[in-house]
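K.L.:
Kindly return the folded structure for what I paste below:
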Amino acid sequence: MTTLASKIPATVITGFLGAGKTTLVRHVIENAGGRRIAIIVNEFGSLGVDADLLRGCGIESCSDDDIVELANGCLCCTVADEFLPTMETLLDRADPPEHILIETSGLALPKPLLKAFDWPTVRSRVTVDGVITVVDGPAVEDGHFADDPEAVERQRAEDEALDHDNPLAEVYEDQLSAADLIILNKTDLLSEDSVSRLTAEITGQVPRAVKVVTADHGTIDPAVLLGINAAAEDDLDARPSHHDGPDDDHEHDDFDSFSVPIGEIETPDSLIETLQSVVARHGILRIKGFVPVRGKPMRLAVQGVGKRFRHHFDQLWPQGMERVGQLVVIGKTGMDQAAIEAAVRG
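P.N.:
A predicted model of the protein is given here:
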């Protein structure tokens, strides 16, 4: 008989766009104490920015071969074609990982992924140690996901064309409902009163007792994140979803992404100013990628959520590679791609 203790634990890290999942994953592997960890990263879009941020971390117990990128769509929609073969390959290694971290895309629903752990060749060898939901504190404070149900009903009554809920809010709520631990991230950008209020608000949205912890830049002791022993695959009924039903169907037609090639820029500040202007005009959700800066041997990594951007020089451009960057733009379907590309390139 297979026992929980004999299975490889897997931690699912979910959260909305730009909440800080990749930063959290990197912190975990940098402080894993030699534990062999494999990482599965699911991107929304064709450019593997998040996986690239993790590669080259220089940690002996987490080589580049231990980082697997799935970029062919939302992981919760491609479990049979993408996730299950990947898991089986990891498990069949001569030296399998001691823990598996799975970073979902910001648009993924956790529950369909949890159900995939019931696949016979996976269930007998892996358990979902826990679901970690990372919340972008400043975004929630700005009201991005604090929908007022009464206001929605009033708006429905006034507008017959409004016959569905905000899909972004549904994704956010599903991610909270699936969690075993919720991380309220970026609290360095919030006041103490805001942190207290948001913690209470999040706790009130979750259908069961789940701990909410705060973090700056995803800095959490791995001992808090790993070893939860939730066996989430056996506890699905306690994790309600907006999409529970016979087909568990959901669509991502509300979202789109594309990559913008971009040559050398003069200064990081001028690029950020341009991107903030583009976001304001086109309602973009997320921009992320790498850009060359004139006279600088290292590439500039750019991460933006709404009008909030962070950037840093992360590594040298590979020798012989053309100095052309790529920025991934993620937003709602119907974005004016040509106008956005022209504005980004200046």
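
K.L.:
got a list of what residue 213 touches?
P.N.:
By CB atoms under 8 Å, 6 or more residues apart in numbering, the contact list for residue 213 reads 181-184, 220, 224. Where you see a C-beta, it was placed from the backbone N, CA and C, and this is true even at glycine.

K.L.:
now the helices for the protein?
P.N.:
21-30, 49-54, 84-91, 110-116, 120-123, 137-141, 149-158, 167-177, 192-205, 222-225, 268-282, 337-345 (DSSP state H).

K.L.:
want to try JSON lines for those helices, with mean neighbour count and distance to residue 40 as columns?
P.N.:
Below are those laid out as JSON lines (neighbours: other CB atoms under 10 Å; distance: least, CB to CB, whole Å):
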{"stretch": "helix 21-30", "mean neighbour count": "22", "distance to residue 40": "10"}
{"stretch": "helix 49-54", "mean neighbour count": "22", "distance to residue 40": "9"}
{"stretch": "helix 84-91", "mean neighbour count": "17", "distance to residue 40": "6"}
{"stretch": "helix 110-116", "mean neighbour count": "22", "distance to residue 40": "10"}
{"stretch": "helix 120-123", "mean neighbour count": "14", "distance to residue 40": "12"}
{"stretch": "helix 137-141", "mean neighbour count": "21", "distance to residue 40": "25"}
{"stretch": "helix 149-158", "mean neighbour count": "10", "distance to residue 40": "35"}
{"stretch": "helix 167-177", "mean neighbour count": "21", "distance to residue 40": "17"}
{"stretch": "helix 192-205", "mean neighbour count": "14", "distance to residue 40": "26"}
{"stretch": "helix 222-225", "mean neighbour count": "16", "distance to residue 40": "16"}
{"stretch": "helix 268-282", "mean neighbour count": "16", "distance to residue 40": "29"}
{"stretch": "helix 337-345", "mean neighbour count": "15", "distance to residue 40": "29"}
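
K.L.:
and those helices as CSV, adding distance to residue 234?
P.N.:
Putting the helices of the chain into CSV (distance: least, CB to CB, whole Å) gives the following:
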stretch, distance to residue 234
helix 21-30, 24
helix 49-54, 29
helix 84-91, 17
helix 110-116, 10
helix 120-123, 10
helix 137-141, 30
helix 149-158, 31
helix 167-177, 16
helix 192-205, 24
helix 222-225, 20
helix 268-282, 42
helix 337-345, 44
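
K.L.:
and residue 7, which of those is closest to it?
P.N.:
With CB to CB as the criterion, residue 7 lies closest to helix 120-123 of these, at 8.6 Å.

K.L.:
so what secondary structure elements neighbour the closest one?
P.N.:
Contact partners of helix 120-123 among helices and strands, from 3 or more CB pairs under 8 Å, 6 or more residues apart in numbering; DSSP states H and E: helix 84-91.

K.L.:
With just CA atoms, put the helix it packs on into PDB.
P.N.:
Output in PDB follows, covering the C-alpha atoms of helix 84-91 (Å, rounded to 0.1, in the frame of the first residue of the first chain):
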ATOM      1  CA  LEU A  84       0.900  14.500 -17.200                       C
ATOM      2  CA  PRO A  85       3.700  13.500 -19.600                       C
ATOM      3  CA  THR A  86       6.000  16.000 -17.900                       C
ATOM      4  CA  MET A  87       5.300  14.600 -14.400                       C
ATOM      5  CA  GLU A  88       5.900  11.100 -15.600                       C
ATOM      6  CA  THR A  89       9.200  12.100 -17.100                       C
ATOM      7  CA  LEU A  90      10.300  13.700 -13.900                       C
ATOM      8  CA  LEU A  91       9.200  10.700 -11.800                       C
END
